[in-house]
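> coordinates only, sequence not included:
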């Protein structure tokens, strides 16, 4: 077991997380704190970190150091970004931090900051081509990602705090100041002329992007409160941008989802993102809750286990394994593997009947791997608890909507009535067609689970021949094992099969 | 680590569970199967177990034995109840079971059956005085429990299956047959004349009682689906009884919550419970999902750890510890203990301000002990996940409504907005006054958690002096520890405190 603390000191806030890497290679968060220290306040005017800002930072760092001592953590990665990088007294401040707390904080370059943000995103969002921005208090990092690789990256010293100060955008918005600001931001951003007309989605890291997700979720009555991987279409962004820049300061504070401490900085932040949208011609913004800190962690983790690169080949697979690994053995792994295998066989063999593709197969196999996790809450009704857990677990590689679909498939497989599941929270986040798919796929999952009722991997292979009114499934069993219990259990589900697929299911064992 | 299988063969169904006792003394379920074998079918007429019934039982037992082999379980407690007990060929059948499967099943007496049911209930429902019944297929066990002790108990050989057969209550109900049946049941039950006019609540074990809970939940649109500890008032029972006994057989099957395999047996079962209600003059039926099997398990568990009695002194405390114990160390125990301690101090010291009693204090301290369990789902938003888990975990000693209140206190303590929490599923199961209490108690929990932000148990004691507009909390700290972080975090909550309690909170550290 290994514990690791990460401190990330920006111009606006300082963050502290503690992670644990378990013996089975899974990792989990142990602790998190965030404080709004506004270290970069006044930097635009003076070029220096202010005494007040440094005091606020120091106070926080002493607490974090103390917590590390209490938690007996030796490992700490501490980085400072744009505020310290750009301030003339930045180095001096880092020396003072080391002298007073023993925390060896290093300032990272804008390029490295961009790269770490990229690592945080590429390992937690399944996208390959996008324009990534990490908008902080004193800088914005831009990275063009193509086929999963960072092909251009740059750090530009404009951020939510610095731009706010430069154009006096606190309080009521002066229309002329805003125009000047937009012009200025556009000029600065065009230093990276490769962003022009990319027509790729934006992926956004940082408090401004997260706030836009929250505001849009409140506007659209989105039922989940998860920010990571939330998709904000350009039109939604534009509507929010108009609200933010035309309301009085007092009214702006009333926008649902906008916290009072962000209400001043949001105008400048919105201007930067607006300019990115317009310049790159992006259709949407995908908000990332993971960034620099996660990038640092993934770098550490992959190096700790001597992996060839700081990227996981299959982020969904990795996050499923990680999640199951943190549950302490409640899930019988060989059973889940067998259920996944059998569900996949049924899906493939009955493809003519359902017509679904690779993506739907992934929903099914993901649900199969996780269908038993709810047992950690309560063995009774565990399918339903699995659904809740899958919907909220840190799984990466699915959209939020897809993650819910997977959760429904798992929740439905014990034959929860349609009525009950529709009453489930978040149920109206998916369409009627999605529900039909969920019912079909959960029938496969139920059959697959029934086939492994004895936990001994009876089913080796399945071949289905479909006639007009019946699907004949010839099941090859492992040599020497009894299949009567599996046969009995599976036959309990033939009525459900007929209801969902319109034809009968006949099981033949050999 | 120890694994234990329990098999319980009744007249109607056979059940198989596997439990695991972990090294930290916590236990959890690993497996469960149930099969409707109707072993007692025809017993009333012939006095014997039928060949068909024995075949069905045998088939099941072979599968269970096989599963035990696959799961490498040596420990198995297997018991048979009334059907085998009353059949002339019962002993012979048990010998055959042993010969063909190696499962050493023993028949238990009616008294022992009653006692085991009592153990299952007394360890999972916080009641002290009640009339317990365990209504099976071929017998009903009655136990009078006073001050937590069984003072009378008896097994009477009438059950849902045998009474159904005797009075031909399958299909449409003949009014005269039903009257005859009620007369017969009453005469039989009055063998235990101590049940007359007890005016105590009924506690019911068995499929009939569980089915009544399900039917009532559907009728009242109850939002939880949990059967254990569900309270059914006498009037609700009477209304359902009328539905059951006056509908045609076809219409009876349509009663929501009544499964088709139970639709025939429910009439006789309802007649037995109706007679118990009337004879004992009971105001309500509390349904228990735990009975014989849990009784066997608690007997085994307490003997395994050399506890003085097969009963836990404090079932809530035990079940909390057990639940946390199954979560594999995700919860920092000393932190949770400290938060619980501090929340309790705040509650006690501010009693004049809130006026709540011991029961509300228990809600708060229970929420405090469990406020971090949601971290196992996802560190982010974990207060909300804790709420879900607490609402569905196998916690004993609270009513279902109380368990929800505790879950809300935990869910609310990270400052989830009132609006969000009201939108939470099950939110309308508690009253407006309950909500006001939840908000107040969760403010204590939030303050207590803030006080342990450094995880080093800063707060030792608190003394509050309340003036007209301010509560001055003098906090004694552990010697030599710094309290500034705790002070800072707690002061973030003074606004919330003022909102909930109407006066200011002033913290003084010494």
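Received, thanks. Bear in mind that the values here come from a model prediction, so they are computed numbers and not experimental data.
> just checking, residue A:213 touches residue A:286?
No: applying CB atoms under 8 Å as the test, residue A:213 and residue A:286 come out as separate, 9.3 Å apart. (Each C-beta comes from the backbone N, C-alpha and C, glycine too.)
> Common neighbours of these two, please.
Listed contacts common to residue A:213 and residue A:286 are A:230, A:232; contacts here mean CB atoms under 8 Å, 6 or more residues apart in numbering or on different chains.
> Tell me which of those two has more neighbours.
residue A:213 (25 against 22; other CB atoms under 10 Å in any protein chain shown).
> Can you tell me, leaving aside adjacent residues, what's nearest to residue A:265?
residue A:160 (4.5 Å; CB to CB, 6 or more residues apart in numbering or on different chains).
> Residue A:215 too?
Nearest to residue A:215 is residue A:257, by CB to CB, 6+ apart, at 3.8 Å.
> Quick check: that neighbour is in a helix.
No: looking at residue A:257 with DSSP: H, G, I helix; E, B strand; the rest coil, it is coil, so not inside a helix.
> Measure how buried it is and give me the count.
Considering only other CB under 10 Å, residue A:257 is surrounded by 16 other residues.
> can you check the one 3 residues further on too?
The tally of other residues near residue A:260 (other CB under 10 Å) stands at 9.
> Tell me the secondary structure of it, please.
Once three-state DSSP is applied, residue A:260 turns out coil.
> Quick check, it in contact with residue A:254.
No: using CB under 8 Å, residue A:260 is not in contact with residue A:254; the gap is 10.0 Å.
> Could you measure from residue A:382 over to chain B?
According to CB to the nearest CB, to the nearest Å, residue A:382 stands 9 Å off from chain B.
> My read is that residue A:510 contacts residue A:479, right?
No: if you go by CB under 8 Å, residue A:510 and residue A:479 don't touch, sitting 11.2 Å apart.
> Among these two, which residue is more densely surrounded?
residue A:510 (9 against 6).
> Do you know the pLDDT at the spatially most central residue of chain A?
Central residue of chain A (CA atoms, centre = their mean): residue A:228, 4.1 Å from the mean position. You'll see residue A:228 listed with a pLDDT of 97.
> shouldn't it be in contact with residue A:288?
Yes: using CB under 8 Å, residue A:228 makes contact with residue A:288 at a distance of 6.2 Å.
> shared neighbours of those two, anything?
A:124-125.
> quick one: is stretch A:16-33 near chain B?
Yes: among the residues of stretch A:16-33, A:28-33 lie within reach of chain B under CB under 8 Å from any CB of the partner chain.
> what residues are up against residue A:213?
When contacts are taken as CB under 8 Å, 6+ apart, residue A:213 is in contact with A:227, A:230, A:232, A:287.
> Apart from its neighbours in sequence, what residue is nearest residue A:370?
That would be residue A:390: by CB to CB, 6+ apart, it lies 5.2 Å from residue A:370.
> I misspoke; the intended subject was residue A:195.
That would be residue A:280: by CB to CB, 6+ apart, it lies 5.0 Å from residue A:195.
> ok, that neighbour - contacts?
Residues in contact with residue A:280, defined by CB under 8 Å, 6+ apart, are A:131, A:195-200, A:202.
> run the last query once more with 10 Å
Applying CB atoms under 10 Å, 6 or more residues apart in numbering or on different chains, we find residue A:280 in contact with A:130-131, A:133, A:142, A:144, A:189, A:192, A:194-202.
> Now, of the residues you listed, which are buried?
Among the contacts of residue A:280, the ones that count as buried by 16 or more other CB atoms under 10 Å in any protein chain shown are A:130-131, A:133, A:142, A:144, A:189, A:192, A:195, A:198, A:200-202.
> pLDDT-wise, what's the bottom of the residues you listed?
residue A:192 (94).
> for the residue of chain A found nearest chain B, helix, strand, or coil?
Residue of chain A nearest chain B, by CB to the nearest CB: residue A:328 (2.8 Å). Classification of residue A:328 using three-state DSSP returns coil.
> For it, which non-adjacent residue is closest in space?
Of all residues not flanking residue A:328 in the chain, residue B:328 sits nearest, at 2.8 Å (CB to CB, 6+ apart).
> and what of residue A:199?
residue A:281 is the one closest to residue A:199 (CB to CB, 6+ apart), at 4.8 Å.
> and if you look at residue A:154?
residue A:192 (4.7 Å).
> I figured that neighbour hits residue A:132, correct?
No: Residue A:192 is not in contact with residue A:132 according to CB atoms under 10 Å; the separation is 11.8 Å.
> list residues touching both of the two?
Counting by CB under 10 Å, 6+ apart, the shared contacts of residue A:192 and residue A:132 are A:142-144, A:153.
> confidence score at residue A:480?
So residue A:480 comes in at 81 (pLDDT).
> With residue A:172 instead?
93.
> since we're on residue A:299, how many residues are nearby?
18.
> Give me the spatial nearest neighbour of it, chain neighbours excluded.
Spatially, and ignoring its direct neighbours in sequence, residue A:299 is nearest to residue A:310 (4.7 Å; CB to CB, 6+ apart).
> and that neighbour, that's in a helix?
No: going by three-state DSSP, the assignment for residue A:310 is coil, not a helix.
> following the worst-scoring helix or strand of chain A on mean pLDDT, which helix or strand comes up?
None of the helices or strands of chain A scores lower by mean pLDDT, DSSP states H and E than helix A:418-422, at a mean of 59. Counting by DSSP states H and E, the element after helix A:418-422 in chain order, helix or strand, is helix A:432-451.
> Identify each buried residue in that following helix, please.
Buried residues in helix A:432-451, defined by neighbour count with 16+ other CB under 10 Å: A:434-435, A:437-451.
> Kindly report the same for stretch A:156-172.
Under the neighbour-count criterion of 16+ other CB under 10 Å, stretch A:156-172 has A:156, A:158-167, A:169 buried.
> Determine how far it lies from the middle of the whole chain.
Stretch A:156-172 sits 28 Å away from the centroid of its parent chain (CA atoms, centre = their mean, to the nearest Å).
> and that stretch, how far apart are its ends?
End-to-end span of stretch A:156-172 (CA to CA, to the nearest Å): 26 Å.
> Look at residue A:383 and report its pLDDT.
91.
> in what helix or strand does it lie?
Assigned by DSSP H and E, residue A:383 falls within helix A:382-392.
> Does anything pack onto the helix or strand just after that helix? Which helices or strands?
Downstream of helix A:382-392, the next assigned helix or strand under DSSP H and E is helix A:400-412. For helix A:400-412, the contact count by 3 or more CB pairs under 10 Å, 6 or more residues apart in numbering or on different chains; DSSP states H and E identifies strand A:230-233, helix A:315-325, helix A:358-370, helix A:382-392, helix A:418-422, helix A:432-451 as packing neighbours.
> Redo those as JSON lines? Include distance to residue A:54.
Output for these, formatted as JSON lines (distance: least, CB to CB, whole Å):
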{"stretch": "strand A:230-233", "distance to residue A:54": "35"}
{"stretch": "helix A:315-325", "distance to residue A:54": "38"}
{"stretch": "helix A:358-370", "distance to residue A:54": "47"}
{"stretch": "helix A:382-392", "distance to residue A:54": "39"}
{"stretch": "helix A:418-422", "distance to residue A:54": "55"}
{"stretch": "helix A:432-451", "distance to residue A:54": "53"}
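> hey, least reliable of those by pLDDT?
helix A:418-422 (a mean of 59).
> Let me see the ranges of the strands in chain A.
Assigned strands in chain A, in chain order: A:2-9, A:13-21, A:27-36, A:76-80, A:105-107, A:130-135, A:140-146, A:149-156, A:202-205, A:230-233, A:284-287, A:459-466, A:470-477, A:504-509 (criterion: DSSP state E).
> By mean pLDDT, show me the worst of the ones you listed.
With a mean of 92, strand A:27-36 has the lowest mean pLDDT of these.
> buried sites along it?
Within strand A:27-36, the residues scored as buried using 16+ other CB under 10 Å are A:27-31, A:33, A:35.
> Next: stretch A:471-490.
A:471, A:473, A:475, A:477, A:483, A:485-487, A:489-490.
> Which ones, among those, also lie beside chain B?
Contacts with chain B within the buried residues of stretch A:471-490, as defined by CB under 10 Å from any CB of the partner chain: A:485-486, A:489.
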